[in-house]
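pasted the sequence and its predicted model underneath.
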There are 2 protein chains.
Amino acid sequence: MQNSLVEYLSSKIDLSENDKQLIADAYQLVKLKKKEHLFEAGTRHFVEAFIVQGTMRVYYVDSKGLEHVLYFGFKNWWVGDMALYRPDECGLLSAQALEDTTVLIIHPDKKEELFAKIPGLERFFRIIIQRHLAVLQKRFLLTVSTNAQERYEELLERSPGIEQLVPQHQIASYLGILPESLSRMKKQKLDKRPS
Amino acid sequence: MQNSLVEYLSSKIDLSENDKQLIADAYQLVKLKKKEHLFEAGTRHFVEAFIVQGTMRVYYVDSKGLEHVLYFGFKNWWVGDMALYRPDECGLLSAQALEDTTVLIIHPDKKEELFAKIPGLERFFRIIIQRHLAVLQKRFLLTVSTNAQERYEELLERSPGIEQLVPQHQIASYLGILPESLSRMKKQKLDKRPS
DNA sequence: CGAAAATTTGACATGACTCAACTGGAGTGG
DNA sequence: CCACTCCAGTTGAGTCATGTCAAATTTTCG
């Protein structure tokens, strides 16, 4: 269903019927089983995927082998290693489906073709990059200025329902703490709330 | 001296003599005394400055009033709040000169004019944004995956001589620790190195 | 049902913070 | 050019958030 991407883009920029057809033809549907990877660190993956249905995590594996979730991707979000600028670069990030997930992807060359035909699109993707930068900057500043408890509360506020979509140890990884610590934090919170 | 900017840009993209003149005319020289601010959080500052001479710090003040250095700016670097996308947004960041510093700035409208006249320039600035994203992403991943000691060593390796340019408590702030902690770390390192 | 994975709980360790005192060097004004 | 002040940096003792390791329990899923 490339339709959901076309709908999403239509709500952001003006598209003629012809534009819509071009976009629908250029993108390719990929179905990922739970735990399957869309891309992995160390490989050339110039992938920018639109999530039609499902949930993903984008994460980094450090030199000690520990995983750190950089962000989650939900329905109608983009996932990718936005830090890559050339199609032949190897990235540091991996992306894995947290449930059966359907995404739309495009070949870099094809994307260039689309840009040439639909100028508004290039502008839009530039804004997406900048929004990623803004989000990452906020995330970084929050991380260095608050403790895990505060970050947890901020996350719940910003993404209500996330606990139904993402297992707890992945949330812990996103918060930068161990699953044990998150478990204890939640318990403390409950103890403080004698209804 | 807009020359240093023109030289810098010439080394990155093709510029005709006319282009160079346009750029030199569009940018404006600003001299900052030590401790003076180029922009401050909460104000509309769509500033992207090129450092001709000197050193700056870009930092965030959290809700408890503590400062956190996001990055330093040295000669021939760009400083700004790259997360801003509209000229009328208020930013979270502030930028201060760590010594007497000279920068070149441009009005957003004038920048648009330049982009219209020199298409290669727009492409270049897009790459700058993306490079900022890449740098920030690495910084974030390093921050969540290593301790202060490792981050300190990484910094010294990546920016040799930084200790001559930036006072120690600012380096501590960049590393996400208190000055006392950095002082102790350095002592430990010395104690371990009986020449 | 049974194995594997996720979560919880406990006891203990540790890196970094807090607060406070002290030292030394840089800048300022007389 | 000295005396004074101020700020950066150092050092110390005690605390706290989070990590570590290990075991028990619950949930998930084939």
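It's in.

measure stretch A:78-89 end to end?
19 Å (C-alpha to C-alpha, to the nearest Å).

mind checking how far it is from the chain centre?
How far stretch A:78-89 lies from its chain's middle: 12 Å, per C-alpha atoms, centre = their mean, to the nearest Å.

got the contact list for that stretch?
Here stretch A:78-89 makes contact (C-beta atoms under 8 Å, 6 or more residues apart in numbering or on different chains) with A:38-39, A:44-51, A:56, A:58, A:71, A:73, A:91-93, A:95, A:103, A:108, A:128-129, A:132-133, B:127, B:130-131, B:133-134, B:137-138. For the C-beta atoms, the positions are set from N, CA and C on the backbone; glycine is no exception.

who are the contact partners of residue A:179?
So residue A:179 contacts A:168-169, A:172 (C-beta under 8 Å, 6+ apart).

quick one: name the residues of chain A near DNA strand D.
Listed as neighbours of DNA strand D in chain A under the rule C-beta under 7 Å from any atom of the strand: A:34, A:147-149, A:176-178, A:180-181, A:184-185.

ok, and the most crowded of these?
Among the residues of chain A next to DNA strand D, residue A:177 has the most neighbours (other C-beta atoms under 10 Å in any protein chain shown), with 20 neighbours.

am I right that it is in contact with residue A:148?
Yes - assessed by C-beta atoms under 8 Å, residue A:177 is found in contact with residue A:148 at 4.7 Å.

shared neighbours, those two?
Common neighbours of residue A:177 and residue A:148 (C-beta under 8 Å, 6+ apart) are residue A:185.

can I get the CA coordinates of the helix or strand bottoming out on mean pLDDT in chain A in CSV?
Least confident element among the helices and strands of chain A, by mean pLDDT, DSSP states H and E: helix A:179-191 (a mean of 90). Coordinates of the C-alpha atoms in helix A:179-191 are reproduced here as CSV (Å, rounded to 0.1, in the frame of the first residue of the first chain):
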residue,chain,number,x,y,z
PRO,A,179,16.3,-3.2,32.4
GLU,A,180,16.7,-3.8,36.1
SER,A,181,17.0,-0.1,36.8
LEU,A,182,13.8,0.7,34.9
SER,A,183,12.0,-2.1,36.7
ARG,A,184,13.0,-0.6,40.0
MET,A,185,12.0,2.9,38.9
LYS,A,186,8.5,1.7,38.0
LYS,A,187,8.1,0.0,41.4
GLN,A,188,9.2,3.1,43.3
LYS,A,189,6.6,5.1,41.3
LEU,A,190,3.9,2.6,42.3
ASP,A,191,4.9,2.6,45.9
